[in-house]
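Peer 1: what follows is a predicted protein model with its sequence.
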Amino acid sequence: MLDANVRGENVSGATVGAPVGHTLQSQRALELHDAMVRVDRQFIDGSPLHGEVLSVFKPLLNEGVIPWPQLQALKDHIEQMKPDYPLDARQREEQLALTNDLAIWIVETYYRPVSPFQVAQLKLEFQKAGLGYVLYRCFERHRHWLDQQEHRSFQMLFEEWINEIWDGLIELPLPKGIRTVGHLIAWLAEATEGIPRCIAPIIEELQESET
């Protein structure tokens, strides 16, 4: 996940509770994500897909407003769904992957949080993507001055933390006391066994320097 394409920085003073530059584009993207979450909830309990849920996708997909790169993949996925039938294992996996990818894209494009405090202002279904974005930006800020050994260990550690977030091993929302990136790194580091010695001082420094 650390080689993801990050699209920009947060607008200074922007309220993260609403998308940056709230437009028809962002509104439709949020509506599409809501529809996908509804499908996710149905397949979790094994319920058949209701036709009215699938009907929500058609205008959103055909309107041509949302510039999400995976839009065609979602169209192909939706075409394979059948009303009143549950998703099979392959469809469930693809559905979840597309929902997560859209959440990441929405966060990177419209929210761009710079701290766990701002992530906490997002709807819960965007907080995994928000924390992943915050950690990725931290990685990007510091990786350029590391030597080869430090860089590899640093990248692997941040990938481990991001994977734990997406795998549901980190309960969300985070404790309220975690407001800065430094707080987040300190909290994650405390729960991580065996941080490589070559980056241990760097991680300690980030706990103090990252606001």
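Peer 2: Sure thing, it's come through. Treat the numbers as computed from the prediction; the structure is a model and nothing was measured.
Peer 1: name the residues of the strand or helix carrying residue 73 that are buried.
Peer 2: Using DSSP states H and E, residue 73 maps to helix 71-79. By neighbour count on 16 or more other Cβ atoms under 10 Å, the buried set for helix 71-79 is 71, 74, 77-78. C-betas here are computed from N, CA, C, even on glycine.
Peer 1: quick check: buried residues in the helix or strand that that helix is followed by?
Peer 2: Going down the chain from helix 71-79, the next helix or strand is helix 89-106, by DSSP H and E. Buried residues in helix 89-106, counted by 16+ other Cβ under 10 Å: 91-92, 94-96, 98-106.
Peer 1: next secondary structure element downstream of helix 89-106?
Peer 2: Per DSSP H and E, the helix or strand that comes after helix 89-106 is helix 116-119.
Peer 1: what does that next one contact?
Peer 2: With Cβ atoms under 8 Å, 6 or more residues apart in numbering as the contact definition, helix 116-119 has outside contacts at 10, 16, 111, 113, 127, 130-131, 134, 174, 178-181, 183-184.
Peer 1: same thing with stretch 71-79?
Peer 2: With contact meaning Cβ under 8 Å, 6+ apart, stretch 71-79 is reached by 36, 54, 57, 61, 68, 91, 94-95, 98, 102.
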